[in-house]
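K.L.:
Quick check, what structure comes out for this input:
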Amino acid sequence: MLAAAAGVLTAATLLGVWSDRPPGPLLALDIAAGVLGVLLTPVLRWRPVTATVLLTVLAAVSPAGTPPSTIGALQVARRRAFPVAAAVSAGGVAAHAVQGAWRPGGGLWYGWWLVLITLGYGALLGWGAWAQARTALIRSLHDRARRAEAEQGRRVAEARMLERRRIAREMHDVLAHRLSLLATFAGALEYRPDSPPEQLSRAAGVVRDGVHQALDELREVISLLRDDDPPDGDGSRPQPVLADVPRLVQESRDAGVVVSLREAVREPAEAPPAVARTAYRVIQEGLTNARRHAAGQPVRIAVRGGPGAGLEIDVRNALPPERPAPGAVSGGAGLVGLTERVRLTGGHLDHQAVAGEFRLHASMPWPA
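P.N.:
Residues are numbered from 1 along each chain as shown. Reported below is the predicted structural model:
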């Protein structure tokens with residue numbers, strides 16, 4: 001492509017120079033310079049600076065070298081740093097100054113000749129610099145687009161992982177609560193075989209239904225963790241709110257746990273979803289720990305608060321003297337996760353054993 005353009009322009013130059021004058025000794029020089037210039041033009045693809053310097057030498061001795069040398073100057077301006085391109089262009093101006101000094105043509109004043117040559121090379125230099133900057137801009141935009149796409153993919157993967165982890169954590173709490181209830185009913189069947197048949201049948205039915213529910217919930221967790229594209233939304237059953245706390249307490253009462261609940265919450269339906277869900281989980285964890293570590297001991301639950309005043313949950317149960325406090329047996333993984341949940345809402349969670357009693361206290365903000 002470059003050689004073809006150089007050949008056409010060189011031929012047009014030779015015709016323009018020799019069309020109105022008889023052939024002379026310089027015709028052979030111009031033809032040789034033109035042919036050599038056309039042959040050197042393809043080298044511009046691999047050695048633009050070296051080839052342009054050689055073409056510039058040809059331009060100093062013959063007008064036929066002007067088209068290839070200017071093409072070379074443009075290639076250098078497009079592909080090399082500006083100082084190198086400026087030096088090559090300055091060399092081109094000097095070569096044409098030599099050419100115009102010993103081969104003036106067209107009756108043009110030598111000073112104007114130098115002005116036109118300088119303007120031409122300046123235009124080539126500016127054009128090449130603009131093309132180079134445009135290419136760099138396009139390349140940077142492509143790189144930025146690729147990075148943005150990769151970053152978006154990373155964010156989607158992280159969001160998916162966090163959502164999957166949140167779902168698994170929710171289901172862990174549900175399963176832990178469900179299995180602790182089953183353990184309570186199974187213990188009643190084991191230690192009270194002399195109970196009336198109706199009570200035994202009712203307890204067995206509760207155990208059977210609880211096992212089915214636990215299996216369904218476990219299958220749901222496994223399917224969510226295996227799925228690369230979890231469904232939109234929670235991906236699980238509707239999330240609990242403050243209105244579900246009495247039902248949660250009643251499940252424990254049905255299992256034989258003595259639970260007292262004091263609620264003093266203003267506008268419970270207006271509680272922020274994250275706060276309401278975390279409050280439910282705090283109470284659920286407290287009941288689960290009580291059944292695990294203080295079987296047979298009464299549990300006292302107090303919930304109070306409202307818009308602008310925050311929400312406070314207090315769960316207490318007596319500790320049997322032969323059993324350690326929750327967290328001392330299994331490392332307290334449930335309480336650690338619960339602490340993290342409360343912190344994510346901007347609240348604070350305390351748990352401690354004081355005077356033979358385990359206390360779980362959480363406070364969370366509730367904007368007005």
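K.L.:
What segments of the stretch 1-150 of the chain are helices?
P.N.:
2-18, 25-40, 48-61, 66-79, 82-102, 110-191 (DSSP state H, counting those that start in this stretch).
K.L.:
Go ahead and name everything in contact with the second one.
P.N.:
Yep, that's helix 25-40 we're talking about. Residues outside helix 25-40 that contact it (Cβ atoms under 8 Å, 6 or more residues apart in numbering) are 3, 6-7, 10-11, 13-14, 17-18, 51, 54-55, 58, 61-65, 67-69, 103. From N, CA and C alone the C-beta is placed, and that goes for glycine too.
K.L.:
List buried residues within those.
P.N.:
Members of the contacts of helix 25-40 that pass the buried threshold by neighbour count (16 or more other Cβ atoms under 10 Å) are listed as 3, 6-7, 10, 13-14, 17-18, 51, 54-55, 58, 61-65, 67-69.
K.L.:
quick revisit: need the winner for burial among the helices of the stretch 1-150 of the chain.
P.N.:
Between the helices of the stretch 1-150 of the chain, helix 66-79 has the highest mean count of neighbours, a mean of 25, where neighbours are mean count of other Cβ atoms under 10 Å.
K.L.:
Compute the inter-axis angle for that one and helix 82-102.
P.N.:
For helix 66-79 against helix 82-102, the angle between stretch directions is 170 degrees (axes from the mean of the first three to the mean of the last three Cα atoms, to 10 degrees).
K.L.:
How is the chain partitioned into domains?
P.N.:
Using automatic domain parsing, the domain ranges for the chain come out as 2-107, 240-368.
K.L.:
Between its first and last residues, how far does the longest one reach?
P.N.:
Between the opening and closing residues of domain 240-368 there is a gap of 21 Å (Cα to Cα, to the nearest Å).
K.L.:
What are the boundaries of the helices in the stretch 151-300 of the chain?
P.N.:
Taking DSSP H, counting those that start in this stretch as the criterion, the stretch 151-300 of the chain carries its helices at 197-226, 245-254, 273-293.
K.L.:
Quick check, central residue of the protein?
P.N.:
Within the chain, one residue has its C-alpha closest to the average C-alpha position: by Cα atoms, centre = their mean, that is residue 155, at 3.0 Å.
K.L.:
just to revisit the earlier point, among the helices of the stretch 151-300 of the chain, where is the model least confident on average?
P.N.:
Among these, helix 197-226 has the lowest mean pLDDT, at a mean of 67.
K.L.:
Only the buried residues of stretch 338-347, if you could.
P.N.:
Buried residues in stretch 338-347, defined by neighbour count with 16+ other Cβ under 10 Å: 338, 339, 341, 342, 345, 347.
K.L.:
Now, the residues you listed that are in helices?
P.N.:
In helices, defined here by DSSP state H, the members of the buried residues of stretch 338-347 are 338, 339, 341, 342.
K.L.:
circling back: can I get the domains of the chain in JSON lines with distance to residue 130?
P.N.:
What follows is the domains of the chain, written out as JSON lines (distance: least, Cβ to Cβ, whole Å):
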{"stretch": "domain 2-107", "distance to residue 130": "9"}
{"stretch": "domain 240-368", "distance to residue 130": "53"}
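K.L.:
what's the closest of those domains to residue 115?
P.N.:
Comparison of the domains of the chain against residue 115 by Cβ to Cβ identifies domain 2-107 as nearest, at 10.4 Å.
K.L.:
one step back: make a markdown table out of the helices of the stretch 1-150 of the chain and add distance to residue 314 and mean pLDDT.
P.N.:
Rendered in a markdown table, the data for the helices of the stretch 1-150 of the chain read as follows (distance: least, Cβ to Cβ, whole Å; pLDDT from 0 to 100):
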| stretch | distance to residue 314 | mean pLDDT |
| --- | --- | --- |
| helix 2-18 | 84 | 78 |
| helix 25-40 | 91 | 84 |
| helix 48-61 | 80 | 89 |
| helix 66-79 | 75 | 89 |
| helix 82-102 | 73 | 88 |
| helix 110-191 | 19 | 79 |
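K.L.:
Right, I'll leave it there.
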